[in-house]
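> please work out how this folds:
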Amino acid sequence: MQKTDLKNDLKHLYRPSAKEVVQVEVPAFKFLMVDGEGDPNTSEAFAQAVEALFSVSYTAKFMVKKGPQELDYAVMPLEGLWWADDMTTFAANDKEKWKWTLMILQPAFVADETIAAAITEVVRKKKLPGVDKLRLENFSEGLCAQVLHIGPFSEEGPTIARLHEFIGRRGKRTGKHHEIYLSDIRRADPKKWKTIVRHPMR
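Reported below is the predicted structural model:
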């Protein structure tokens, strides 16, 4: 059975270089999403959202693998949109006032009905508190700039500054700060964490 990894199929979006900021066009993709707010390091809702997203995504994966098409695929990484009602608090790193949308891309060949069945199955088996907040939504960012950050989240500042400078020379930022977490932070050395930092532009 052949295994599909969309990160390889979408290299220009999920395998960027850390050396230079690049401009990309991001089409619409289907995501499982959940909204919340508060410090991601201490928020119970944040931890519940992550658990719910991965539980449903992996349940859907195994449903597809055992289905008539017998397709196998890699579950995509966790992604996050970040903002605050008052962006000065966001810039000041006041994490208690941060708002976020966590999400995981779902392959186009995974039917909406399969995702719904996976949610039902996770509710039945695990009764996770974050599952009832999940939604399936098409999300499109269009024109964006992005770059790979290597290292802990606390050291993203210079990488984000490079990204903003790149956009500033070409246009303006729009939308929300977007991060894609390629590393398993429970196991990897923080110095080697890989995070795609992306921002829509016009």
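
> pretty sure Q23 sits in a strand.
Yes. Remark: Q23 belongs to a strand, assigned using DSSP: H, G, I helix; E, B strand; the rest coil.

> name the element the closest residue to it other than its chain neighbours belongs to?
Sequence neighbours aside, A145 is the residue nearest to Q23 in space, at 5.5 Å (criterion: C-beta to C-beta, 6 or more residues apart in numbering). All C-beta spots, glycine's among them, are computed from the backbone N, C-alpha and C. Using DSSP states H and E, A145 falls within strand 142-150.

> helices or strands up against that strand?
Counting contacts by 3 or more C-beta pairs under 8 Å, 6 or more residues apart in numbering; DSSP states H and E, the secondary-structure elements packed against strand 142-150 are strand 22-26, helix 157-170, strand 194-200.

> mind listing what the nearest residue to D86 once chain neighbours are set aside touches?
Taking C-beta to C-beta, 6+ apart, and ignoring the residues beside it in sequence, D86 has K97 as its nearest neighbour in space, at 7.2 Å. With contacts defined as C-beta atoms under 8 Å, 6 or more residues apart in numbering, K97 is in contact with 37, 84-86, 89-90.

> before we move on, what about D72?
For D72, the contact set (C-beta under 8 Å, 6+ apart) comprises 1-4, 61, 64-65.

> relative to K172, how far out is V147?
Per C-beta to C-beta, to the nearest Å, V147 is found 18 Å from K172.

> circling back to that earlier point, buried ones in the strand holding A145?
Using 16 or more other C-beta atoms under 10 Å as the burial criterion, the residues of strand 142-150 that qualify are 143-149.

> any chance of those in CSV, plus pLDDT and distance to E70?
Compiled in CSV, these are given as follows (pLDDT from 0 to 100; distance: C-beta to C-beta, whole Å):
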residue, pLDDT, distance to E70
L143, 98, 38
C144, 98, 35
A145, 98, 39
Q146, 98, 34
V147, 98, 38
L148, 98, 34
H149, 98, 37
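
> need the next SSE after the lowest-mean-pLDDT helix or strand in the chain, C-terminal direction.
Within the chain, judged by mean pLDDT, DSSP states H and E, the helix or strand with the poorest mean is helix 87-91; its value is a mean of 71. Beyond helix 87-91 on the C-terminal side, the first helix or strand identified by DSSP H and E is strand 99-106.

> the helices and strands packed on strand 142-150: which one's closest to P107?
strand 22-26 (16.0 Å; C-beta to C-beta).

> what is the subsequent helix or strand relative to that closest one?
Trace forward from strand 22-26 with DSSP H and E and the next one is strand 29-37.

> quick one: stretch 51-59 to chain centroid distance?
Average the C-alpha atoms of stretch 51-59, do the same for its chain, and the two points are 13 Å apart (C-alpha atoms, centre = their mean, to the nearest Å).

> buried set for that stretch?
Of the residues in stretch 51-59, those with enough neighbours to count as buried (16+ other C-beta under 10 Å) are 51-53, 55-57, 59.
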